[in-house]
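Chemist: could you work out the structure for the sequence below:
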Amino acid sequence: MLRTTLVIAAVLMLAGCSTAPKPTQAPPAYVGAIERLDPALDALVPKDTGIEKVAGGFTFTEGPLWRPSGALWFSDVVGNVVRQWSPDGTVIEVLKPGGYDGNALPAGGFIGPNGMAADKDGAVLLCQHGNRRIVRIAADKTVTTVVDRFAGRKLNSPNDLVYRFDGSLYFTDPPYGLPKQDDDPAKELKFNGVYRLAGGKLQLLVKDLTRPNGIAFSPDEKTLYVSNSDEKKRIWMRYDVAADGSVSNGKVFADVTAEAAAGLPDGLKVDSLGNLWATGGGGVRVYSPEGKHLGTIQTPENPANCAWGDDGKSLYITAETGLYRIKLAVAGMKALYQ
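Modeler: From the prediction side, this is the model:
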């Protein structure tokens, strides 16, 4: 019997086979936690998934954007630099200075780059706080101004932006890049607005939000979501979008003003099913299209923004000094120039 076993083993080895078990890849080390408030979250966030920290050691991360090259661009608002993270762990500088080219503003403030959006021909649109404008970074890294004024006055500090499929650009303009914000003597506009840029014309859509921040469309583009990062009014708004691109009928989509641990509403994204993934203190809050809080992706650091990457089912999260990722069961909503 022993001889027969040895003969069989020898034959298997000669045939390129092995009876030894194949080594298995160790599961990623997960951090943070996932708060599940509704069973519907399980269809979006598998129970066997978790939060991975993929990079760290930055100052204040923001504005993530997945690139066709298979890498992630992200902003460091305080560090004043745009960086790129690659899946092999390499981090390089893409644009420095990233959001402010002058020397009058004090270092250490929110003077750097923020939100990004993919543009045509492989370019990237970037919100620059200190320079108070939106710029286009071409494939050869040439930087040109897209918009920096409304009605002849300088913008406050463009924060986040999103394309509609008709090619019009929507963006928010809070005062975070100004050292004294609303009280800064350099502030030329009396309000903090939400705008639409189409055909070279800039249209003011909303001016009654104190701190407009993250911005995104529903999959059918009939709803526009805007977060308000005001300690006294921590809300996400929803607006009806007309065929001509104008917005109306603003309503509160979610309100966390009374929740001490909820933090400030910040960047947000929408998945292909219409669910809202909204960053705030303590995590990324997941809301159904009807506004039901399904659960929270609780990152170790307070998140500021998020973006879809990899195969479209990974959510990358920028949170203070770190960059995080969670693999999901739902794909993100595709962007115009994705």
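
Chemist: where do the strands of the stretch 151-300 of the chain begin and end?
Modeler: Per DSSP state E, counting those that start in this stretch, the stretch 151-300 of the chain has strands spanning 153-154, 161-163, 169-173, 193-198, 201-206, 212-217, 223-230, 233-241, 247-255, 268-270, 276-280, 283-287, 293-298. These are given in chain order.

Chemist: buried set for the fifth one?
Modeler: The reference is to strand 201-206. By 16 or more other C-beta atoms under 10 Å, the buried positions in strand 201-206 come out as 202-203, 205-206. Bear in mind the C-beta positions are built from the backbone N, C-alpha and C, glycine included.

Chemist: same for that strand, what does it pack against?
Modeler: Packed against strand 201-206 by the contact rule (3 or more C-beta pairs under 8 Å, 6 or more residues apart in numbering; DSSP states H and E) you find strand 149-150, strand 193-198, strand 233-241, strand 247-255.

Chemist: ditto for the second one
Modeler: For strand 161-163, the helices and strands in contact under the criterion 3+ C-beta pairs under 8 Å, 6+ apart are strand 113-118, strand 169-173, strand 212-217.

Chemist: can you redo the ones you listed as JSON lines with mean neighbour count and mean pLDDT?
Modeler: Rendered in JSON lines, the data for the helices and strands packed on strand 161-163 read as follows (neighbours: other C-beta atoms under 10 Å; pLDDT from 0 to 100):
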{"stretch": "strand 113-118", "mean neighbour count": "26", "mean pLDDT": "98"}
{"stretch": "strand 169-173", "mean neighbour count": "26", "mean pLDDT": "98"}
{"stretch": "strand 212-217", "mean neighbour count": "24", "mean pLDDT": "98"}
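
Chemist: I'd like these as CSV, with distance to Ser314 appended.
Modeler: As requested, the helices and strands packed on strand 161-163 are exported to CSV (distance: least, C-beta to C-beta, whole Å):
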stretch, distance to Ser314
strand 113-118, 16
strand 169-173, 25
strand 212-217, 17
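
Chemist: ok so Asp42 is a helix residue?
Modeler: Yes - with DSSP: H, G, I helix; E, B strand; the rest coil as the criterion, Asp42 is part of a helix.

Chemist: neighbours of the nearest residue to it once chain neighbours are set aside, how many?
Modeler: If you skip the residues right next to it in sequence, Asp42 has Arg36 as its closest partner in space, 7.1 Å away by C-beta to C-beta, 6 or more residues apart in numbering. A total of 15 residues lie near Arg36 under the criterion other C-beta atoms under 10 Å.

Chemist: no further questions, thank you.
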